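Chemist: Pasting the sequence and the predicted model now:
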Amino acid sequence: MRTDPPSLLSLAIDSALVQISSYSDLSFLPDHILCDLFLRTLRAGKLNERILKLFIATGKEEILSLIDAFNIRSVLTPVLPTRCSEKF
């Protein structure tokens with residue numbers, strides 16, 4: 001049984017996935033690579049709020065469609081009052 005070695009593109013996406021938390025902008029990536037990176041990020045369990053914002057900030061329609069299709073939402077942090085009003 002013979003398996004083909006991974007392609008250079010696949011290795012590059014794997015490398016980007018390992019270092020995804022160090023990136024501040026992903027908009028320079030071509031659409032097909034960005035989609036593959038997003039899906040691999042999901043599979044690896046590395047999608048957090050910061051990384052989700054990176055993908056959203058690209059503004060690429062394919063990514064926004066995937067986020068919508070998977071029903072992924074940003075976490076809304078509740079804001080608690082720092083002091084109570086005396087009008088209670």
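Modeler: Looks like it arrived, so ask away. Residues are numbered from 1 along each chain as shown.

Chemist: Buried residues of stretch 73-86, list them for me.
Modeler: For stretch 73-86, burial by neighbour count (16 or more other CB atoms under 10 Å) applies to no residue. C-beta coordinates here come from the backbone N, C-alpha and C atoms, glycine included.

Chemist: Now do N48, the pLDDT please.
Modeler: Model confidence at N48, given as pLDDT, is 93.

Chemist: Against L39, how distant is it?
Modeler: 16 Å (CB to CB, to the nearest Å).

Chemist: do R73 as well
Modeler: 18 Å.

Chemist: Ok, P30 next?
Modeler: Distance, P30 to L39, using CB to CB: 15 Å.

Chemist: Which of these two has more residues huddled nearby?
Modeler: Using other CB atoms under 10 Å, the more surrounded residue of P30 and L39 is L39, with 13 against 9.

Chemist: Pull the contacting residues for that one.
Modeler: Counting by CB atoms under 8 Å, 6 or more residues apart in numbering, L39 touches L66.

Chemist: Quick check on it: phi, psi?
Modeler: The phi/psi pair for L39 (degrees, to the nearest 10) reads phi -60, psi -40.

Chemist: Tell me, what's the model's pLDDT at it?
Modeler: pLDDT for L39: 96.

Chemist: S24 now?
Modeler: Model confidence at S24 (pLDDT) stands at 94.
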